[in-house]
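# the following block contains a protein sequence and its predicted model.
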Amino acid sequence: MPDTIHWFQYKPGLVGETRRVTHCARDTTETRIRSWCRREFETAAVEAAAEPGATPAPSHAVPCAPCVPCLLLATAATEQPTTSALTTEHP
């Protein structure tokens with residue numbers, strides 16, 4: 001499991017703006033990307049994007065709104081478990 005989330009979105013003009021959201025990559029091959037929301041994309045149709053809400057690096061596009069299922073699933077999968085007061089034993 002990667003420690004970082006890789007964000008991507010359709011390139012401008014390929015789909016309507018309502019479908020142009022920023023997804024999180026789960027599995028990648030040379031020609032296909034599968035997102036955490038289980039959609040598949042052709043790599044030629046997408047661009048790397050910054051994390052939604054973040055300032056993009058020069059190599060990343062300005063992000064669109066995030067895909068909510070991708071955001072929730074990828075975040076949950078990459079978070080490090082923390083010790084909780086509910087899970088620790090008390091004397």
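Structure's in. What do you need? Here the structure is a predicted model, which means the values were calculated and not measured.
# quick check: Thr75 touching Ile5?
Yes: under the criterion of CB atoms under 8 Å, Thr75 makes contact with Ile5 at 7.3 Å. (Each C-beta comes from the backbone N, C-alpha and C, glycine too.)
# of the two, which one has the most company?
Ile5 (16 against 12; other CB atoms under 10 Å).
# did I read that right, the more buried one in a strand?
No: secondary structure of Ile5 (DSSP: H, G, I helix; E, B strand; the rest coil): coil, not part of a strand.
# pLDDT score for it?
Here the pLDDT value assigned to Ile5 is 84.
# longest single strand anywhere in this protein?
If you go by DSSP state E, the chain has its longest strand at strand 23-28.
# who are the packing partners of that one?
strand 7-10, strand 32-35, helix 68-78 (3 or more CB pairs under 8 Å, 6 or more residues apart in numbering; DSSP states H and E).
# dump those to CSV, plus distance to Val62.
Formatted as CSV, the helices and strands packed on strand 23-28 follow (distance: least, CB to CB, whole Å):
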stretch, distance to Val62
strand 7-10, 9
strand 32-35, 19
helix 68-78, 17
